[in-house]
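Asks: 3D, please:
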Amino acid sequence: MRRLTLRRGVDIKSSFLIDGTQVTASAAELNAAADITTAGTVEASKGLVVDANKDLASLRNFTATGTATLGAIAANDASLDVAGLAAPSAGNGGAVNLVAGRAHTNGTGGGVTVTGGAGSATGTGTGGAFAAVGGASGGGATGNGGGASIVGGDAASTNGNGGGAAVTGGDATGTGTGGAATIAAGASAGATGTGGAVTITSGAGAAGTAGSIAIDAGAAGGGTAGTITIGGTNAGTVTVGRSGQTLALAGNITAPQITGSDTSLAIAGLAAAAAGDGGAVPIVGGRAHTNGAGGAVSLTAGAGSATGTGAGGAASLAGGASGGGATGNGGATSVTGGAATSTNGTGGAASLVGGVATGTGVGGAVTITSGASAGAAGTAGAVTIDAGAAATGTAGAMSLGATNAASVTIGAATIPVTVSGATPVLGFVDRVTTDEVNAGHTILASAAGRTVKVLDVKMRAIGGAAGDVTSVDVKELATGNVVSRQVVAGLTENAICGAWTANSVHTYTGVALTAGNGLEIEKNGSDMITATHIDVFVQYVLS
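Replies: Next comes the predicted model:
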């Protein structure tokens, strides 16, 4: 029998075979598969039949337990959600991985692009935002929020480069503002919780060079370039770089405070790339507004520990060393008060002040020393201390030791001192022991090229009246000529003898000594006794 035509229904009580194969589907299942109103449109409780273009529409939820390979996924007017399945019990939530296709042979692996939707082509709506957000923690006490990472691909080849990772705000048009690129750690809601950290790490190099990190604002066409803010609102501390490494900052730095690590803080100008000059390091206080004072600049070394005995750190201003060539000069170091630019303003003072001591300690010394000469025929640097130049007013005065100094020493005993201008009256006080008086003691050393003219000599016995000695004399070295003689009768304890008193004889006062000669103090007659010291006061000029 080739064809059977049935005019009425057939009720099959047993099995139904087609070409020897038993059909096991129920009548409802057969109806669901075949009774489709429109091919390509999904119907409830019906089979899925694509249309002539192999399209399928109106599918609601789709679950794949294996790999789903798709050319493109387009959302409707609402949104497109790609969500991992929730854990059925105590397991982890399902991950969502977006992985581009692997390349063949020498091709490039497929890119992964996540782009917020564009605004309407004719309207003023805003383009959709793109966010990569770690999952919120569970409702328990100690769960942590999930991290959010953008990681460039690792290089698997021998000398390949690691893939870049970029977060870039969208470009603006016209006078609009370029889109911001923000990387923000999660905030802490609890009283003692800690906000999340933000870490930007370039790819590590195995034997090569680690990747660089570039953070830059959007380019300005003709407008204003965007600003870069790191930690400007919530950050407790901002750490850039690590200890022992160089941090290079180009351009101006504006900061209320820059703090070094436990080791040190170095601010260094960049080395010259070729034949140019090394980069300068200006530290400039802020300009004042209206009648305010310009910002001060302070260099203060670190204090010692509050509980220990460590010394405070030293503060040093040093000119740079010269290059290794034959004739380079070391850099100068200058401390200069600011110039007055107003009509009758006063120039700023320049001060070098040693630190104040506590208890029985010694106040800090102030030392101004020029650079030493290392070469055999080189010249040591000069030290110049001068008052500010006067335009049409009065030049500033120079004062050395006028208020607190116990003594003022200019030059060493064997070094000539040259004084320009009107002849100044010089003087010194020397306390000489009894043994030194008896043996003879130099109180003003001889120096070639210098001629001394003594104006006055006074003496005072300390520790008792001078005894046995006939007189105490101030004499010219080398010749032994007596310049001034204080008779013992005038050398009573603490009484000043001199100033043309009856017990003082001035033989050579007011007369120039032999060129290059100095002065000594010595007893005349028997050794002096009783007094422990003699204070000698000498006033003189150089001619």
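
Asks: Distance of residue 472 relative to residue 17?
Replies: Separation of residue 472 from residue 17 (CB to CB, to the nearest Å): 150 Å. C-beta: built from backbone N, CA, C; applies to glycine.

Asks: Looking at these two, which one has more neighbours?
Replies: Between residue 472 and residue 17, counted using other CB atoms under 10 Å, the more crowded position is residue 472 (28 against 9).

Asks: immediately after the strand or helix carrying the more buried one, which helix or strand?
Replies: Using DSSP states H and E, residue 472 maps to strand 466-476. Downstream of strand 466-476, the first helix or strand assigned by DSSP H and E is strand 482-487.

Asks: Beyond that next one, next helix or strand please.
Replies: Using DSSP H and E, the helix or strand that follows strand 482-487 in sequence is strand 496-498.

Asks: Run me through the strand neighbours of that next one, direction for each.
Replies: According to DSSP bridges, strand 496-498 forms sheet pairs with strand 452-462 (antiparallel).

Asks: So residue 437 belongs to a helix, correct?
Replies: Yes - assessed by DSSP: H, G, I helix; E, B strand; the rest coil, residue 437 belongs to a helix.

Asks: Hmm, residue 536 and it touching each other?
Replies: No - using CB atoms under 8 Å, residue 437 is not in contact with residue 536, being 9.2 Å away.

Asks: okay, and the common contacts of those two?
Replies: Contact with both residue 437 and residue 536 is made by residues residue 521, according to CB atoms under 8 Å, 6 or more residues apart in numbering.

Asks: Next SSE downstream of the helix or strand of the chain with the lowest mean pLDDT?
Replies: Ranking every helix and strand in the chain by mean pLDDT, DSSP states H and E puts helix 27-34 at the bottom, with a mean of 70. Counting by DSSP H and E, the next helix or strand C-terminal to helix 27-34 is strand 426-433.

Asks: Give me the buried stretch members for that next one, please.
Replies: Using 16 or more other CB atoms under 10 Å as the test for burial, strand 426-433 gives 426, 430, 432.

Asks: Same check on stretch 196-207?
Replies: Within stretch 196-207, the residues scored as buried using 16+ other CB under 10 Å are 196, 203.

Asks: could I have it exported to CSV, CA atoms only?
Replies: Extracted C-alpha coordinates of stretch 196-207, given in CSV (Å, rounded to 0.1, in the frame of the first residue of the first chain):
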residue,chain,number,x,y,z
GLY,A,196,38.4,51.2,50.1
ALA,A,197,41.8,51.9,48.7
VAL,A,198,42.5,53.0,45.1
THR,A,199,45.5,51.2,43.5
ILE,A,200,46.7,51.9,40.0
THR,A,201,49.5,49.5,39.1
SER,A,202,51.2,49.2,35.8
GLY,A,203,52.2,45.8,34.4
ALA,A,204,55.3,44.3,36.0
GLY,A,205,58.3,43.5,33.7
ALA,A,206,59.9,40.1,34.1
ALA,A,207,63.4,41.1,32.9
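
Asks: pLDDT averaged over that stretch - what is it?
Replies: Here stretch 196-207 scores 72 as its mean pLDDT.

Asks: Would you pull up how far it lies from the middle of the chain?
Replies: The chain centroid and the centroid of stretch 196-207 are separated by 22 Å, computed with CA atoms, centre = their mean, to the nearest Å.

Asks: can you list the domains in this protein?
Replies: Split into domains by automatic domain parsing, the chain comes to 16-47, 423-543.

Asks: Closest one of the buried residues of strand 426-433 to residue 179?
Replies: The closest of those to residue 179 turns out to be residue 426 (CB to CB; 76.7 Å).

Asks: do you know how far the closest one is from residue 387?
Replies: Taken as CB to CB, the span from residue 426 to residue 387 is 20 Å.

Asks: returning to what we had before: and the domains of the chain, which one averages the lowest pLDDT?
Replies: domain 16-47 (a mean of 77).

Asks: rewinding a little: pipe the domains of the chain into CSV and attach distance to residue 395 per row.
Replies: What follows is those, written out as CSV (distance: least, CB to CB, whole Å):
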stretch, distance to residue 395
domain 16-47, 100
domain 423-543, 17
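
Asks: ranking those by burial, who's on top?
Replies: Comparing those by mean neighbour count (mean count of other CB atoms under 10 Å), domain 423-543 comes out on top with a mean of 18.

Asks: Ends of that one, what's the gap?
Replies: 8 Å (CA to CA, to the nearest Å).

Asks: low pLDDT regions in the stretch 251-400 of the chain?
Replies: 251-266, 268, 270, 273, 325, 375-376, 390-391 (pLDDT under 70).

Asks: so who does residue 227 touch?
Replies: residue 217.

Asks: any idea how far residue 288 is from it?
Replies: Counting by CB to CB - residue 227 and residue 288 are separated by 24 Å.

Asks: And the buried residues of strand 426-433, which is closest to residue 455?
Replies: Nearest member of the buried residues of strand 426-433 to residue 455, counting by CB to CB, is residue 426, at 9.3 Å.

Asks: Show me what the strand holding residue 472 is packed up against.
Replies: Counting contacts by 3 or more CB pairs under 8 Å, 6 or more residues apart in numbering; DSSP states H and E, strand 466-476 is packed against strand 452-462, strand 482-487, strand 519-530, strand 533-542.

Asks: closest one to residue 334 among those?
Replies: strand 533-542 (31.0 Å).

Asks: Skipping adjacent residues, who's closest to residue 286 in space?
Replies: residue 295 (3.7 Å; CB to CB, 6 or more residues apart in numbering).
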